[in-house]
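Participant: Could you work out the structure for the sequence below:
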Amino acid sequence: MENILEGLNEEQKQAVLHTEGPLLVIAGAGSGKTKVITHRIAHLISKGVAPENILAITFTNKAAEEMKERIKKILISSADKTRIPFISTFHSLGVYILRESGDKIGISRRFSIIDEDDALKTIKEILKDLNLKQETFNPSKVRSFISGQKNKFVNYADFSENAEDYFPKIMSEIWYRYEEKLKEQSMLDFDDLIIKTILLLKESEEARNKYQNKWFYAHIDEYQDTNKPQYILSRLLAERHKNICVVGDSDQAIYSFRGADFTNILNFNKDWEMAKVITLNKNYRSTKNILDTANLLISFNKARYPKDLSSSKETGDSPLLFIAGNEIEEGEFVAKAAKSILDNAKLNKENPLPKIAVLLRTNFQSRIFEEFFMQYDVPYEMLGTRFFERKEIKDILAYLRAALNRESLSDIKRIINFPARGIGKVTLLKIF
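Facilitator: Predicted structure coming up:
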């Protein structure tokens, strides 16, 4: 146990050692929440809890894999390293349960999961069958609407019952046909993986007993980002043993547009009587000046657990706020600042050169930054597709270059048959 607690601060140790009953860990940014979860799981195993009786849910497959590897390292001395807890995302958990027990509510164990492209194609087919114009009922928006309703835990029957006006009635018909087409092909969409799992656990006492008795201890990461179905599923799985540990921070709740409800974390100690609340206040990532600024800004939020992050690092540089009049001023300011930092580093013969990150709200905003980085000779790497390398941008530029230069055969070749005009290779060779 000494090894498991080694390197933990006092609050982290409290969270690791509190194993019985509901536990809420308010984990500020950079406070080591993943470390707490992994060490807590390792501590449970060291106490004699079978790994098969421990559940941990994260939000991404990458985070789940990272958690597995970290637990394996902590349990390096374990005689059987193959026995590790069930660690997955909510959706992977749903797949696991439905493959095992979904037949109890009529779901084939060999069900397929429809991807987004095929879901959109299905919506388009339905619109065509109903003689509805895509200009009025945009397939992507229809798909997002259905997904949004499911993430609020609204099912087709309840929605249909309350559909009185023209648009809700049409949406109700589209949704009904969408569900029928999935059913015909033994398919579930991404949202169904959680919705149907809840349905199974509510309707089948046998399934409910099986999974409640399988997992004595449940851990939920990023609890502030859970939506209503995820919240209900968590409660269903943990309600027998009540050993549920949730980790999160209402100050980091940014996914309401995906249906996340940060009040889930605010109401945790109302939902679970006698819940223990532990706050991780020590930040290991940022300097004091950064944290002071963040603490001041977030203090204006009224619906939150109060906390005051302190830094384990030095004071650091003061944050700078630059209010740009438009995207051009913004792009040039960032490029010049980056250029200045790199030039100073080269002058001082720093090796390696400092790393600089530019965070964008949306991908399309990268264009102006890329233009100024090229203008000021600042080397950069785009995560995602560079603006000027996107197909639609290349096509538009090819049209413009071909219009200005009739000899630009590569540009003509690129756009002569896009959109499709039935020009084959033979005709293209004759033209060239």
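
Participant: burial of I174, as a residue count?
Facilitator: 22 (other Cβ atoms under 10 Å). Glycine gets a C-beta too; all of them are placed from N, C-alpha and C.

Participant: what's the offset of the host helix or strand of it from the middle of its chain?
Facilitator: Per DSSP states H and E: I174 is located in helix 166-184. Here the centre of helix 166-184 is set off from its chain's centre by 27 Å, with Cα atoms, centre = their mean, to the nearest Å.

Participant: Contacts for the helix or strand following that helix next, please.
Facilitator: Using DSSP H and E, the next helix or strand after helix 166-184 towards the C-terminus is strand 187-188. Applying Cβ atoms under 8 Å, 6 or more residues apart in numbering, the contact partners of strand 187-188 are 98, 107, 111-114, 182, 196.

Participant: and what of stretch 14-21?
Facilitator: 4-5, 8, 23, 25, 36, 39-40, 43-44, 47, 217, 242-243, 245, 274-276, 278, 280.

Participant: low-confidence ranges in the stretch 1-150 of the chain?
Facilitator: For the stretch 1-150 of the chain, the stretches with pLDDT under 70 are 1-2, 76-82.

Participant: Just the helices from it, written as ranges.
Facilitator: Remark: helices assigned in the stretch 1-150 of the chain by DSSP state H, counting those that start in this stretch are 2-5, 10-17, 33-46, 61-74, 90-101, 116-129, 139-151.

Participant: name the helices or strands packed onto the first one?
Facilitator: Applying 3 or more Cβ pairs under 8 Å, 6 or more residues apart in numbering; DSSP states H and E, we find helix 2-5 packed against helix 10-17, helix 33-46.

Participant: Can you mark which positions in the first one are buried?
Facilitator: Of the residues in helix 10-17, those buried by neighbour count under the rule 16 or more other Cβ atoms under 10 Å are 11-16.

Participant: Spell out the residue ranges of the strands in this protein.
Facilitator: Along the chain, counting by DSSP state E, strands occupy 23-27, 54-58, 86-89, 112-113, 187-188, 217-220, 243-248, 276-280, 282-283, 310-311.

Participant: Parallel or antiparallel, list what pairs with the fourth one.
Facilitator: To tie it back to what came earlier, the one meant is strand 112-113. Paired with strand 112-113 in the same sheet, following DSSP bridges, are strand 187-188 (parallel).

Participant: packing partners for the top helix by length along the chain?
Facilitator: Ranked by number of residues, the top helix in the chain under DSSP state H is helix 327-347. Contact here means 3+ Cβ pairs under 8 Å, 6+ apart; on that basis helix 327-347 packs against helix 366-375.

Participant: mean confidence for the helix it packs on?
Facilitator: For helix 366-375, mean pLDDT rounds to 93.

Participant: Buried residues, it. List them.
Facilitator: Residues of helix 366-375 classed as buried by neighbour count (16+ other Cβ under 10 Å): 366-373.

Participant: Closest to D192 out of those?
Facilitator: The shortest approach to D192 among those belongs to S366, at 34.5 Å (Cβ to Cβ).

Participant: Give me the contact list for the longest helix of the chain.
Facilitator: 322, 324, 353-354, 356, 358, 365, 368-369, 371-373, 375-378.

Participant: Mind listing what's buried along that helix?
Facilitator: 330-332, 334-335, 338-339, 342.

Participant: now stretch 404-415
Facilitator: 411-412, 414-415.

Participant: Where does pLDDT dip in the stretch 301-432 of the chain?
Facilitator: 385.

Participant: any chance you could map the helices in it?
Facilitator: Counting by DSSP H, counting those that start in this stretch, the helices of the stretch 301-432 of the chain are 327-347, 366-375, 391-404, 409-415, 425-431.

Participant: Now tabulate the ones you listed in CSV and tack on distance to S140.
Facilitator: CSV is the format used below for these (distance: least, Cβ to Cβ, whole Å):
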stretch, distance to S140
helix 327-347, 26
helix 366-375, 22
helix 391-404, 16
helix 409-415, 26
helix 425-431, 34
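
Participant: so which of those comes closest to W175?
Facilitator: helix 391-404 (31.3 Å).

Participant: buried ones in the helix holding I174?
Facilitator: 170-172, 174-175, 177-178, 181-182.

Participant: okay, these in a markdown table with distance to D221 and pLDDT next?
Facilitator: Output for these, formatted as a markdown table (distance: Cβ to Cβ, whole Å; pLDDT from 0 to 100):
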| residue | distance to D221 | pLDDT |
| --- | --- | --- |
| I170 | 39 | 91 |
| M171 | 34 | 91 |
| S172 | 36 | 93 |
| I174 | 35 | 94 |
| W175 | 32 | 94 |
| R177 | 37 | 95 |
| Y178 | 31 | 95 |
| K181 | 34 | 91 |
| L182 | 30 | 92 |
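
Participant: Let me know which of the helices of the stretch 301-432 of the chain is the nearest to A157.
Facilitator: Once the helices of the stretch 301-432 of the chain are compared by Cβ to Cβ, helix 391-404 is nearest, at 40.9 Å.

Participant: Please name every helix or strand in contact with the closest one.
Facilitator: Secondary elements touching helix 391-404 (3+ Cβ pairs under 8 Å, 6+ apart): helix 409-415.

Participant: Okay then, goodbye and thanks.
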